[in-house]
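Colleague: Sequence first, predicted coordinates after that:
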Amino acid sequence: MSPEPDNPAFEEAITQAENLGQRREFEQARSVLLRAAKEQKQPDSATRLLQRALQFPGDSSGVWLAMGKVAHKQEQDAQALQHLKTGIWLAMKLNLTDRVQKGMQQIENLDTEVDTSWRQKTQDWLNEQKPTPAPQAIHLCDFCGQDKFAPGELFEGLRTTICPGCVHKLHLRLEKKQNSSD
Ligand SMILES: [Zn+2]
């Protein structure tokens, strides 16, 4: 990579990242470059830092999202979309729901056509990641086993629940017993 002698922050980030890379501290190397890219005034310099960050092994989904941001700043939204899609795809593989969501938000700001089937597929994936709601309470009568009752229709005791039909049957039986004993 050709140096940028008038850009000390750029040079410093590259040197630091190279050193970290040699020590196989790829995650930190990536962070250094990402941070430096954010502070660059020239989008081209930011892109070069991010491209270097992409060469380190590991999770580069965040770098792709940053690439998308820079491309968007340069009004290259078609390219930004490709970067963001790549970042989102990687984030999905790593189950990084927040990052997928962030990438989708970035895509919403783009002035470019996004194919609906892709958008739907990503939204479906996001929906699947959401915790499933607690199952609805089952309104079940412990005596007859029927469960087609609306809430409030059953008489709920501490351990058992009885439906109006069973209360009625119980009532008839008690009545019968009472009559026969008379
Ligand atoms: Zn019942």
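Modeller: Yes, it's here.
Colleague: okay, CA-based contacts and neighbour counts for the rest of this
Modeller: Will do.
Colleague: How about residues contacting the helix or strand bottoming out on mean pLDDT in the chain?
Modeller: Here the helix or strand of the chain ranked lowest by mean pLDDT, DSSP states H and E is strand 155-156, holding a mean of 83. For strand 155-156, the surrounding residues in contact (CA atoms under 8 Å, 6 or more residues apart in numbering) are 161-164.
Colleague: what are the pairing partners of that strand, and which direction each?
Modeller: In the sheet, strand 155-156 lines up against strand 161-162 (antiparallel) (DSSP bridges).
Colleague: just to revisit the earlier point, next, see if the least confident helix or strand of the chain gets close to the ion.
Modeller: No - looking at strand 155-156 against the ion by CA under 5 Å from the ion, there are no contacts, and the closest approach is 9.9 Å.
Colleague: just to revisit the earlier point, the contacts of strand 155-156 into a markdown table, with extra columns for neighbour count, distance to residue 100 and pLDDT?
Modeller: A markdown table is the format used below for those (neighbours: other CA atoms under 10 Å; distance: CA to CA, whole Å; pLDDT from 0 to 100):
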| residue | neighbour count | distance to residue 100 | pLDDT |
| --- | --- | --- | --- |
| 161 | 15 | 46 | 87 |
| 162 | 20 | 48 | 90 |
| 163 | 23 | 48 | 91 |
| 164 | 13 | 51 | 90 |
